[in-house]
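Trainee: next come a sequence and a model predicted from it.
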Amino acid sequence: MGAFPLRRPEAMSSQKKKPAKKRRPAADGREARRRKLLLAPPHLPAPASVSTKWTQWAVSLALVALFFFIPFHPLVRMARLLGGQEDYRKLKVTFQVDGVPAQWGYSGFAGPNNHLQENETTLPLLNHNYQGGPLLINGQTYPEGIGVHSPSQLAFATDGKFRRFSCQVGLDEMGRPSRGIVFYLLADGKEIFRSPKIRYGQDPYSVDVSIAGARQLVLGTEVGDLEDVWGAGDWVNLKFEP
């Protein structure tokens, strides 16, 4: 058998692996992102096109218009009124009905007659509908009564002197396009009467209630639909019985 060739010690030592270089600790995430941003080329936004600018202007104008329009829309105003968040200004009333003095009242105005408008509120009218015409319910004219535009209220100072109150209510001829209104009575702030929804073409609805001890009686109306702006109502043949 042949002998193995002997290697020189120098050759064996030269074939040993060199020790690996120590790596520097990796930078944390924030440092890496900072370096990436510094080395990245600057990014310039593309110029907006003409159509994009006009779209932005149109959206801005629409938002401004809605900001001013929505609070005065009849639907929103009526919802706020029924929710107790908004009220109509109560105006002083000087007439009497059946010898009982009226104190204050209002008719929420939403119709086309600007000569009756006063901050969207008008006075209930004695012996006329809210536009100054005759009280006309289902083709029948009534010489005495009160014309209002819903929503409305009219307060009388009864001072506990009367036992009963009676009248008839109905939708005036001027409220023909209306979807119906509701009549109600408040005795010292407590509701004592509420009618069903009264529509155009119906005969007058009779009311007869006790008001014994009441110091104030409020006659009120409200629209049956929040978007209804034709709620012309009439109170006729009013009687206060001592």
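Mentor: The structure has been received and is ready for your questions. Numbering: from 1, shown residues only.
Trainee: contacting residues for residue 194?
Mentor: Shown in contact with residue 194 (CB atoms under 8 Å, 6 or more residues apart in numbering): 182-185. Using the backbone N, CA and C atoms, a C-beta is placed for each residue, glycine as well.
Trainee: list just the nearest of those residues to residue 137.
Mentor: Nearest to residue 137, judged by CB to CB, of those is residue 183 at 12.2 Å.
Trainee: the closest one against residue 196, yeah?
Mentor: No. When contacts are counted by CB atoms under 8 Å, residue 183 is not listed as touching residue 196 (9.3 Å).
Trainee: quick one, which of these two is more surrounded?
Mentor: A count of neighbours by other CB atoms under 10 Å puts residue 183 above the other of residue 183 and residue 196, at 27 against 11.
Trainee: look up which residues are beta-bridged to the more buried one.
Mentor: With DSSP bridges as the criterion, residue 183 is bridged to residue 221.
Trainee: now do residue 190
Mentor: Going by DSSP bridges, residue 190 forms beta bridges with residue 187.
Trainee: how many neighbours does it have?
Mentor: With other CB under 10 Å as criterion, residue 190 counts 8.
Trainee: distance of it relative to residue 213?
Mentor: To residue 213, residue 190 is 11 Å away according to CB to CB, to the nearest Å.
Trainee: next: residue 61.
Mentor: 58 Å.
Trainee: and for residue 197?
Mentor: Using CB to CB, which is the criterion applied here, residue 197 is 30 Å from residue 213.
Trainee: the two: which is more packed in?
Mentor: The neighbour comparison of residue 197 against residue 213 (other CB under 10 Å) goes to residue 197, with 16 against 12.
Trainee: if we can go back for a sec, save the contacts of residue 194 as JSON lines, and put in distance to residue 149 and pLDDT too.
Mentor: Below are the contacts of residue 194 laid out as JSON lines (distance: CB to CB, whole Å; pLDDT from 0 to 100):
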{"residue": "182", "distance to residue 149": "14", "pLDDT": "93"}
{"residue": "183", "distance to residue 149": "13", "pLDDT": "96"}
{"residue": "184", "distance to residue 149": "16", "pLDDT": "96"}
{"residue": "185", "distance to residue 149": "18", "pLDDT": "98"}
